[in-house]
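[1] Got a predicted model here, sequence first, then my questions.
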There are 2 protein chains.
Amino acid sequence: MSALPVYVAVVGVGLVGSEFINQLLSLPISPFELVSLTSSTRSLFTHDPITISTWKSQLEGAKDRPDLEKLTERLSVLLASSHRIILVDNTSSDDVAAFYPKWLKAGISVITPNKKAFSGDVELYEQILESSQSGGRFLNESTVGAGLPVLSTLKDLVATGDKVTKIEGVFSGTMSYIFNEFSTGKPDGPTFSSVVKVAREKGYTEPRPADDLNGFDVARKLTILSRIIAHSPSPGGLPRLQSFKSVQTTSLIPAELEGIPTGDEFIARLPEFDERFAKMRADASADGQVLRFVGVVDVVTGQVRAGLERYPTSHPFATSLGGSDNIIMFHTERYGARPLIIQGAGAGAAVTAMGVMSDLLRVI
Amino acid sequence: MSALPVYVAVVGVGLVGSEFINQLLSLPISPFELVSLTSSTRSLFTHDPITISTWKSQLEGAKDRPDLEKLTERLSVLLASSHRIILVDNTSSDDVAAFYPKWLKAGISVITPNKKAFSGDVELYEQILESSQSGGRFLNESTVGAGLPVLSTLKDLVATGDKVTKIEGVFSGTMSYIFNEFSTGKPDGPTFSSVVKVAREKGYTEPRPADDLNGFDVARKLTILSRIIAHSPSPGGLPRLQSFKSVQTTSLIPAELEGIPTGDEFIARLPEFDERFAKMRADASADGQVLRFVGVVDVVTGQVRAGLERYPTSHPFATSLGGSDNIIMFHTERYGARPLIIQGAGAGAAVTAMGVMSDLLRVI
């Protein structure tokens, strides 16, 4: 560990960003010095101490508008004085993600819960891999399962020579909540639309629930997992995914409701399709099964898919899951017939920020 | 990462040691160079390449007897030439553990699945902590849960400022197997002695099953976990454990069978106590519960205990557990009402060696 402080620049101060800043500034013994904060409207760059009680007002009082080019220049000056620099991207922005290769090449490490880069176009993904070979380090543990040790576990399995045969899980807290409520193994229960409505009211869905029900969030997470295995010595039959759009994703949005612009209208019309979902539930129940929206990376067949599947009521996806938990099963050669399982809250500001903090501590 | 190879010396070439050596020598791109192997009868120290197909014969052909003092001297010479050195202790020996402080102070990193040091006398534990502050690094991920990410997850929770309130789990693969078979929620089933007998025949128990049934293995793991929290900024009410013997451990060995020297005699007499175990199972079943041998670190009350407890048949310890799986639940402030859960094989050479390898990759 260097005796010089490690400079940290944060882009994005929303729910996760704020929680991350609070966790960072609460470390009892900190090798870090927070030197920059950037929100959607302001940018602060300072050598004055940034403290837990003043960072919001310091940022509000900043005169600069957000400008990533200018931020990059300023960080480059610090690099020249041989400080280590970590940039933490707490946004979900494609624009910020596009800067990663430049930062990494310059020697700035990048840590982020932002899924865009690693689940987007393969060109950006490969640029990041290449740039981080010789430059800064890139870590994104909290893109899958938030604070749960999902990516680090997969990387350990792969790096130590285990052969992953399949990853299977409930990767969306929203989908988890919806189907834990909707399908319990009994033939009936609440209507699908009522469950989605309540989930939205509780803040578990996006303002437009269609943005959860399309399955893209799960497809993005599968892309991140799949690429780690595909770039390992045991890629199995996994394809080079062009982007998360290459994942075979079965949306839950009824075709008739595709493209509806507002969440309110979507919710208002969803009851028209309750019968369809009720029938799926009853059919599953008749076979002793529940419905779960899962993601699967089948390394052997090379299939990567997201969609509604059935599991016996005795399966951990039925018995062990509750609330908006994620659950992830790693089937590997070493673990044999009984998979390695990780379960717990996979969303929320506190646990997501914790995943980001863990990465930060890992880098130094 | 240094351009010089990182030298690795291995002590212990039993099941886990052999598997570790094979994993190490199978790395596709390796920054490591294996320079020394020590078994219970031989010690090899060489700059000739050690390969996966020849290491056993190289070690058998070595002339030196095992001598940790001499090994330390030889490694010190390498240190002087500015190489990084990692010593991997794959034994379960107290004698090897006693050397850790000396190695760490010299700047040699130590990685081990050996529980003895961190669960033994607090003096040795604190010496290791102190020596690793400025010297080599000490990692022992696979002492709890083998390859499962148990210690790293706990360390991440603690380091990022979460408050752990309770850890609760089935930490012994042997105990897991025995009670998964013996107590399924039904009022009857196989006799306790028959389950233990089969477990022994399958190699799931120590040659003397009493060495599992005394609960010491669980007490050691709890000591390791408890000390991580006790040395954090949020130690709750946890005591400074003098050793694993300070854990409140309820042995399963009937008092009448204490001190029986051989496993065969123990197994022969165990049926005398089947009725006692059958009654516990029937009582639990009448309340809709199963029996599990668990370990609990209750941070709030400061209690650390290992023993037989009851869980509802709907609890993950009943529904999700099978085979000889470990399962560990972390209850924390951030995870709230629904704990973070890690489950999977917690014993076996391949997954234990994997935990050791992960530590090795983490150190560099």
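    Looks like it came in fine.
[2] what's the first-to-last distance across stretch A:160-180?
    Length of stretch A:160-180, first residue to last, CA to CA, to the nearest Å: 35 Å.
[3] which residues touch residue A:116?
    Shown in contact with residue A:116 (CB atoms under 8 Å, 6 or more residues apart in numbering or on different chains): A:92-94, A:97. Where you see a C-beta, it was placed from the backbone N, CA and C, and this is true even at glycine.
[4] export these to TSV and tack on distance to chain B?
    TSV is the format used below for the contacts of residue A:116 (distance: CB to the nearest CB, whole Å):
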residue	distance to chain B
A:92	21
A:93	24
A:94	28
A:97	24
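[5] Of those, grab the buried ones for ChimeraX.
    Restricted to buried positions by 16 or more other CB atoms under 10 Å in any protein chain shown, the ChimeraX selection for those reads:
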select /A:93,97
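[6] Among the contacts of residue A:116, name the ones in helices.
    Using DSSP state H, the subset of these located in helices is A:94, A:97.
[7] Chain A: strands as residue ranges?
    A:6-11, A:32-38, A:43-45, A:85-89, A:109-111, A:138-139, A:164-170, A:248-249, A:289-298, A:303-312, A:325-332, A:340-345 (DSSP state E).
[8] of those, which approaches chain B most closely?
    strand A:340-345 (3.7 Å; CB to the nearest CB).
[9] by how many degrees do that closest one and strand B:340-345 diverge?
    Angle between the axes of strand A:340-345 and strand B:340-345 is 170 degrees (criterion: axes from the mean of the first three to the mean of the last three CA atoms, to 10 degrees).
[10] which stretch among the strands of chain A comes nearest residue B:137?
    Across these, residue B:137 has its closest neighbour in strand A:6-11 (18.3 Å, CB to CB).
[11] Tally up the residues packed near residue A:49, please.
    Using other CB atoms under 10 Å in any protein chain shown, the number of residues around residue A:49 comes to 11.
[12] Look up the pLDDT of it for me, please.
    On pLDDT, residue A:49 comes in at 93.
[13] Look up phi and psi at it.
    Main-chain torsions, residue A:49, degrees, to the nearest 10: phi -60, psi 130.
[14] Just list whatever residues bridge to residue A:330.
    Bridge pairing for residue A:330 (DSSP bridges) gives the partners residue A:167, residue A:340.
[15] how close does it get to residue A:220?
    19 Å (CB to CB, to the nearest Å).
[16] With residue A:83 instead?
    Counting by CB to CB - residue A:83 and residue A:220 are separated by 33 Å.
[17] So those two - more neighbours on which side?
    residue A:220 (24 against 16).
[18] Correct me if wrong: the more buried one contacts residue A:114.
    No: with contacts defined as CB atoms under 8 Å, residue A:220 does not count as touching residue A:114, sitting 10.3 Å away.
[19] can you map out the helices along the stretch 51-200 of chain A?
    Secondary structure of the stretch 51-200 of chain A (DSSP state H, counting those that start in this stretch): helices at A:55-60, A:68-80, A:94-97, A:100-106, A:116-119, A:122-134, A:150-159, A:173-182, A:192-201.
[20] Buried residues in the last one, which are they?
    Right, helix A:192-201. Those would be A:192-197, A:199-200, for helix A:192-201 by 16+ other CB under 10 Å.
[21] Show the backbone phi and psi for the closest residue to chain B within the stretch 1-150 of chain A.
    Nearest residue of the stretch 1-150 of chain A to chain B (CB to the nearest CB) works out as residue A:149 at 4.7 Å. For residue A:149, the backbone dihedrals (degrees, to the nearest 10) come out as phi -80, psi 70.
[22] give me every residue that touches it.
    A:141, A:342, B:149, B:152-153, B:156, B:342.
[23] quick check, nearest of those to residue A:180?
    residue A:342 (17.3 Å).
[24] Relative to residue A:309, how far out is that closest one?
    Counting by CB to CB - residue A:342 and residue A:309 are separated by 19 Å.
[25] same deal with residue A:333?
    Counting by CB to CB, the gap from residue A:333 to residue A:309 is 24 Å.
[26] Residue A:244 too?
    Residue A:244 is 19 Å from residue A:309, by CB to CB.
[27] who's more crowded, these two?
    The residue with more neighbours, out of residue A:244 and residue A:309, is residue A:244; 26 against 18, by other CB under 10 Å.
[28] Next one: that one, what pLDDT does it get?
    Taking residue A:244 on its own, its pLDDT is 98.
[29] And for residue A:1?
    43.
[30] Nearest spatial neighbour of the most centrally placed residue in chain A, chain-adjacent residues omitted?
    By CA atoms, centre = their mean, chain A has its centre lying nearest to residue A:143, at 2.6 Å. Spatially, and ignoring its direct neighbours in sequence, residue A:143 is nearest to residue A:115 (4.6 Å; CB to CB, 6 or more residues apart in numbering or on different chains).
[31] Run a quick check on that neighbour versus residue A:220, I expect a contact.
    Yes: with contact defined as CB under 8 Å, residue A:115 and residue A:220 form a contacting pair (4.6 Å).
[32] what residues are shared contacts of these two?
    With CB under 8 Å, 6+ apart as the test, residue A:115 and residue A:220 both reach residue A:143.
[33] Quick one: neighbours of residue A:57, just the number.
    Applying other CB under 10 Å, we find 9 residues neighbouring residue A:57.
[34] For it, which residues are in contact?
    By CB under 8 Å, 6+ apart, the contact list for residue A:57 is empty.
[35] Residue B:136 versus that one, what's the distance?
    44 Å.
[36] beta partners of residue A:38?
    Beta bridges link residue A:38 to residue A:11, residue A:43, judged by DSSP bridges.
[37] Go ahead and confirm it touches residue A:14.
    No: in this structure residue A:38 lies outside contact range of residue A:14 using CB under 8 Å: 11.7 Å.
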